[in-house]
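>>> Structure here, sequence nowhere to be found:
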């Protein structure tokens, strides 16, 4: 069925493959794991920042702000920027400021 679908409607193949895997193997093979921000933070460092690449409809801002507060970082020590059109220079300026001030 997937071979025929891939031949006739290649645009529908990826969702169909996801549905097939979920049906045969279960949702744990298709659902993304929850973000463990503490573990990700433990692997980061001054030269290895955390970057979030998001899919539509996801927003880790509340989780990130809560995590920062639990680590004693609040107020002006945490800078958040949503990358989009024209945000590159602003993000670069925030990174430079953070390097000099020791902020997040």
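All right, it came through fine. Bear in mind the structure is a predicted one, so any value in this text is a computation, not a measurement.

>>> what about the chain, any weak spots by pLDDT?
Within the chain, not a single segment meets pLDDT under 70.

>>> Which parts of it are helices?
2-8, 13-25, 37-43, 61-70, 88-101 (DSSP state H).

>>> how distant is the last one from the center of its chain?
Spelled out, it's helix 88-101. Counting by Cα atoms, centre = their mean, to the nearest Å, helix 88-101 is centred 20 Å from the centre of its parent chain.

>>> Return the set of buried residues in it.
Of the residues in helix 88-101, those with enough neighbours to count as buried (16 or more other Cβ atoms under 10 Å) are 94, 98. Glycine gets a C-beta too; all of them are placed from N, C-alpha and C.

>>> That helix - contacts with which helices or strands?
Counting contacts by 3 or more Cβ pairs under 8 Å, 6 or more residues apart in numbering; DSSP states H and E, helix 88-101 packs against no other helix or strand.

>>> again with the second one
Of the remaining helices and strands, those touching helix 13-25 by 3+ Cβ pairs under 8 Å, 6+ apart are helix 2-8.

>>> and the helix it packs on, what does it pack onto?
helix 13-25.

>>> who touches the helix it packs on?
1, 2, 5, 6, 29, 30 (Cβ atoms under 8 Å, 6 or more residues apart in numbering).

>>> Swap in 10 Å and give it another go.
1, 2, 3, 5, 6, 7, 9, 27, 28, 29, 30, 31 (Cβ atoms under 10 Å, 6 or more residues apart in numbering).

>>> Same question for stretch 61-70.
Against stretch 61-70 from outside (Cβ under 10 Å, 6+ apart): 34-35, 37-38, 40-41, 50, 52, 60, 73-75, 77-78, 80, 82, 104.

>>> Near the residue lying closest to residue 44 once chain neighbours are set aside, how many residues? Count them for me, please.
In this structure, residue 44 finds its nearest non-sequential neighbour in residue 50, 5.0 Å apart by Cβ to Cβ, 6 or more residues apart in numbering. Other residues lying near residue 50 total 13 when counted by other Cβ atoms under 10 Å.

>>> heads up, I number from 827, so please use that
In the new count, where the first residue is 827, that last one comes out as residue 876.

>>> Quick one: residues contacting residue 876.
Contacts of residue 876 by Cβ under 10 Å, 6+ apart are 863, 866, 867, 869, 870, 886, 890, 930.
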